[in-house]
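Asks: Make a model of this:
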Amino acid sequence: MGRLFLINLDGNFYRCKHCETHFALVDDIISKSFHCRHGKAYLFDKVVNITVGVKEERMMITGLHTVVDIFCVACGSIVGWKYEAAYETTEKYKEGKFILERFKVLGPDGSLYLTAQEAHVAESDADDV
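Replies: The predicted structure follows:
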């Protein structure tokens, strides 16, 4: 493997929760109204420091899409997916855009998104102290 060159972002950005590699600027969010298996997901126009997996057809809530999983270039963690093709006319705006799963990244303030179940467990643990 060759030398790894990372792009460092300035301002408010999302980053890998495992290795803190920069991914995307807050200003590049198109929508916060997306959902994934682990809860919230955000649609971005641009994402950096990722590699892509193989193309596959996935049936999603909004219909059939061709997608590739996206991985952190530094640690290899899966962090979301990229829309390669959308078959419904109303979904074409997603093509070439990226989803970052909120559960898998740190927020601009360093916060980690917790699912409702994890938040409940964390609250219970705090009450026990």
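Asks: For the strand or helix carrying residue 81, C-alpha coordinates in CSV please.
Replies: Using DSSP states H and E, residue 81 sits in strand 78-86. In CSV, the C-alpha atoms belonging to strand 78-86 read as follows (Å, rounded to 0.1, in the frame of the first residue of the first chain):
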residue,chain,number,x,y,z
ILE,A,78,-18.2,1.5,6.5
VAL,A,79,-19.8,5.0,7.0
GLY,A,80,-22.6,5.0,4.4
TRP,A,81,-23.3,4.7,0.7
LYS,A,82,-23.3,6.6,-2.6
TYR,A,83,-26.2,6.7,-4.9
GLU,A,84,-25.0,5.6,-8.4
ALA,A,85,-28.4,5.4,-10.1
ALA,A,86,-32.1,5.9,-9.2
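Asks: Which secondary structure elements does the next helix-or-strand element following it sit against?
Replies: With elements assigned by DSSP H and E, the helix or strand that comes after strand 78-86 is strand 98-101. Other helices and strands packing on strand 98-101, by 3 or more CB pairs under 8 Å, 6 or more residues apart in numbering; DSSP states H and E, are strand 22-25, strand 29-36, strand 39-44, strand 78-86. (Each C-beta comes from the backbone N, C-alpha and C, glycine too.)
Asks: what mean pLDDT does the strand holding residue 81 have?
Replies: Mean per-residue pLDDT for strand 78-86: 96.
Asks: For this structure, which element, helix or strand, carries the lowest mean pLDDT?
Replies: The weakest-scoring helix or strand in the chain, judged by mean pLDDT, DSSP states H and E, is helix 116-128 (a mean of 47).
Asks: Find the nearest non-adjacent residue to the residue most central in space within the chain, please.
Replies: Geometric centre of the chain, nearest residue: residue 100, 1.2 Å, by CA atoms, centre = their mean. Distances taken as CB to CB, 6 or more residues apart in numbering place residue 80 nearest to residue 100, at 4.5 Å, with adjacent residues excluded.
Asks: ok, what's across the strand from that neighbour?
Replies: Note on residue 80: beta-bridge partners by DSSP bridges are residue 70, residue 100.
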